[in-house]
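Student: Coordinates for the following, if possible.
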Amino acid sequence: MRPAECGLGQCQGEHSESVSASRKLIFGYHDAIDRGQATSALEVVDELAEFDMRGEKFIGRAAIGEFLARREAKKNRHTVHTLVHESVIDATATWATLAHRLLANARAETGNYVVERALNVTHQVSHTTAGWRITQRTSQPLHPTAVTGATASASPTEGTTKMTEEPVRSVSPAAVPLQMAELVLKTARFEEMFAWYSHLLGRGPFYERTPDPDAPPRPAGMPERAVDVRLAFFEIHDNGHPHSQILGLFGIGSLADVAPAGPGLHHFQFGVGSLGELINQYERMSAIGATPHRTANHGQATSFYFRDPDGNIIEFSCSNFPTAAQEREFMASPGFAANPSGLELDAAAFAARFHAGEPVEQLLSIDVPGGAPA
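Tutor: Model prediction:
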C-alpha cells in the first residue's frame, strides 16, 4: 500500500494528532490487505463499524470480517492500493473524517499491475474505549457510468488502455418470498414512545442502547446509524428464525419541531387473531388513557385506530372472515369497490355490545345497525 503525500497543508491544523492517528489506521488497513493478511486488518475496525465495499454494505466487525476472510482466501490475487488526493473533511480531538482517491491495482498474469478500480473513499476514525478505530468507510466509483462487466487495464509497455470483459453474474427475475421484518420509527420523544410501545406490546425491548456522548456527528446528508442514536428494539412476533418481526425506536432530538403530517408513513397495522383479542387490546390501551380516534368495520376487517405520542397512526385489526379466500372474495365484490372504508363505529358502544354477548357474526357484519358510512 502506497500512502499519499499531503503537501497542501490539508492534513495539518488544530487536530493534527487525530488526523495522524486516522491516517495511520487507514493506511495500515489497506496495507494488511495488500500483504494477503486481510483479516488482520480487523484490529483497527470498530465493533459497530459500517463499511461499504464493492457496492455491498456491512454492519459490525463480524460481517466485515467475513468479507475480509473471503478476500484473504484468494491466494492467487495480489493487489496494491494507492491512496491519493487526501482531504480532511472534519476533525476534533477524538475523531477525524478523511477522504481519498483510491486506486486499486491488481497484478495481471504478465506480472504487471493494472488499475482495476478507481474510487472516492471516505473513512471516519474515532477514539473509542479500545483506542483509535475505523468506525465508517464509504466508497463511490470515480466514474459510476462505466460499462458494466468491463475493467480498464493499462499496459506500461504499450502505454494504452484496453477493456477486458469479465463474466457478469446472472440474477433470476423471479421474486423471492418476502415478509415485513422490521419497522423503525424515529422520534424526538424517545422516553414517551418507549413507555407507550412497552405498554402496547406488554413487554419492554429485547435490546436498547445509549450512544457515546463524545461520538462524532454524522456527516451532512448521511442517514442516522444505530450507533449514533438512542435506540430500542421490540419483538412483535417470532415465527422462528429468521422470520421475526421487530419494531425499532430511534431517538433523534432534531425532529422536535417536525410535523407528523408530512410525507412518508401514513399508518401501520398490528393484526390480532379474533374480535375478542381486538376488544382486549382496545381496553388495554384505554388503561393508559389512549382512546381510538377512529373505529371502523371495513367489511373485510374491523379496526381501531390510535395515535402514538408522536402522532403516528397505529391500527389494530381483526379479519371479519374465517379464511383468506372469503376475505378476498368480499374485497372483489361491487359493495367493497363502492365503499372500501366501510362503516364508522363508536368504540365504547361496540365493546359494550361485545361484552353483552351479541353474536360475533352480527358484530362483524357490514350491515351492523347503528353504523354510519365512512
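
Student: Pairing partners for Ile246 in the sheet, please.
Tutor: Ile246 has the following beta-bridge partners by DSSP bridges: Glu182, Glu235.

Student: Contact partners for it?
Tutor: By C-beta atoms under 8 Å, 6 or more residues apart in numbering, Ile246 lies in contact with Ala181, Glu182, Leu183, Phe233, Phe234, Glu235, Ile236. Where C-beta positions appear, they are placed from N, C-alpha and C, glycine not excepted.

Student: Can you tell me which of those are buried?
Tutor: Listed as buried from those are Phe233, Phe234, Ile236; burial here means 16 or more other C-beta atoms under 10 Å.

Student: How about the contacts made by the last one?
Tutor: Just to be clear, that refers to Ile236. With the criterion set at C-beta under 8 Å, 6+ apart, Ile236 makes contact with Leu201, Ser244, Gln245, Ile246, Leu247, Phe270.

Student: residues near the fifth one, how many?
Tutor: Neighbours of Leu247 under the rule other C-beta atoms under 10 Å: 19.

Student: And for the last one?
Tutor: When neighbours are counted by other C-beta under 10 Å, Phe270 registers 16.

Student: Where do the strands of the stretch 151-300 of the chain begin and end?
Tutor: Here the stretch 151-300 of the chain has its strands, by DSSP state E, counting those that start in this stretch, at 160-165, 182-187, 207-209, 230-238, 244-251, 267-271, 294-297.

Student: Among the contacts of Ile236, list the two that are farthest apart in space.
Tutor: Greatest spacing in those, by C-beta to C-beta: Ser244 and Phe270 (14.7 Å).

Student: just the helices in the protein please.
Tutor: 16-34, 61-72, 190-201, 275-286, 324-331, 334-338, 347-355, 360-363 (DSSP state H).

Student: Out of the ones you listed, which one sits most buried?
Tutor: Of all the helices of the chain, helix 16-34 has the most neighbours on average by mean count of other C-beta atoms under 10 Å, namely a mean of 19.

Student: what does that one rub up against?
Tutor: So helix 16-34 is contacted by 1, 3, 11-13, 38, 40-41, 44-45, 68, 71, 78-81, 83, 86, 88, 91-96, 98, 100, 102, 123, 125, 127, 132-134 (C-beta under 8 Å, 6+ apart).

Student: So which of these are in strands?
Tutor: With strands taken from DSSP state E, the overlap with these comprises 45, 79-81, 83, 86, 88, 91, 95-96, 98, 100, 102, 123, 125, 127, 132-134.

Student: Farthest-apart pair in the contacts of Ile246, please.
Tutor: Farthest pair in the contacts of Ile246, by C-beta to C-beta: Ala181 and Phe234, 13.2 Å.

Student: one step back: make a markdown table out of the helices of the chain and add mean pLDDT and distance to Ala108.
Tutor: Formatted as a markdown table, the helices of the chain follow (pLDDT from 0 to 100; distance: least, C-beta to C-beta, whole Å):
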| stretch | mean pLDDT | distance to Ala108 |
| --- | --- | --- |
| helix 16-34 | 88 | 16 |
| helix 61-72 | 83 | 18 |
| helix 190-201 | 95 | 54 |
| helix 275-286 | 93 | 65 |
| helix 324-331 | 88 | 58 |
| helix 334-338 | 86 | 65 |
| helix 347-355 | 95 | 72 |
| helix 360-363 | 92 | 74 |
